[in-house]
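Participant: model this:
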Amino acid sequence: MTTDNIKVLGHNSIRISAGNITIYVDPFQLKQSPKDADYIFITHDHYDHFSPEDIEKVSCDHTILVVPCKMEDKAHTVDGTVNKIITVETETHREFDGFEVSTVPAYNILKPFHPKSAGWVGYIIRLDGKSIYVAGDTDATKEAKNVKCDIALVPVGGTYTMDAKKAAELVNIIRPETAIPVHYGSIVGKPSDGEVFAEKVEPSIKVELKIEF
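Facilitator: Numbering: from 1, shown residues only. Alright, predicted model coming up:
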């Protein structure tokens, strides 16, 4: 698997494919309705991450929706759209059909927007020989700094999450092979935040600007 299998469809909306598995994370403001999701992972329940309209665009008759435990009730608003809903705790590990997932707490350290008590998560998806960290809406927390991964997708837009500088500092600590900035240039942050992030990441780490504006 290469990063060619990872698409950033805008904001934190991510599509990952390998073999016969197609995974979406936080589908939002999608321009098409491919209805090809085997799995949909939701990091938290804010409207720009949990979008019933966009879940419907990618869901098919066998789609499994994975959400943090504390948003289970809200997730059931899409009962008629997905085949099954699975909940996950923070800092847990699950095996799915053909891949594995670990959760990482996603929260703000000093800001009020994403409290740790909410139980929201980022995901480390181990698929086709690579581990992919989708951080969700988070700051550079102690848990994030302990992540081991090959590919890291981290928010850089500031306001509700890390800004480009803080995100680069996190990436320089966890040292993935490749870092991909997300969560900037539309709802929050500027399109140039990706370039700022790339400039501050150490040269030994490849940065790819994949977001589709």
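Participant: which strand residues bridge the most centrally placed residue in the chain?
Facilitator: Nearest to the mean C-alpha position of the chain, by Cα atoms, centre = their mean, lies Val134 at 3.5 Å. Judged by DSSP bridges, the bridge partners of Val134 are Tyr123, Leu153.
Participant: quick check: the gap between it and Lys190.
Facilitator: From Val134 over to Lys190 the distance is 22 Å, taken as Cβ to Cβ, to the nearest Å. (Glycine included, C-beta is placed from N, CA and C.)
Participant: one more: His46?
Facilitator: 20 Å.
Participant: Pro27 too?
Facilitator: To Lys190, Pro27 is 23 Å away according to Cβ to Cβ.
Participant: who has more neighbours, those two?
Facilitator: Pro27 (28 against 15; other Cβ atoms under 10 Å).
Participant: residue contacts, the more buried one?
Facilitator: 9, 13, 15, 37, 40, 51, 54-55, 57-58 (Cβ atoms under 8 Å, 6 or more residues apart in numbering).
Participant: what do you get for Lys116?
Facilitator: 105, 107.
Participant: quick one: mean pLDDT over the top helix by length along the chain.
Facilitator: Once the chain is assigned using DSSP state H, the helix that runs over the most residues is helix 164-174. In this model, helix 164-174 has a mean pLDDT of 98.
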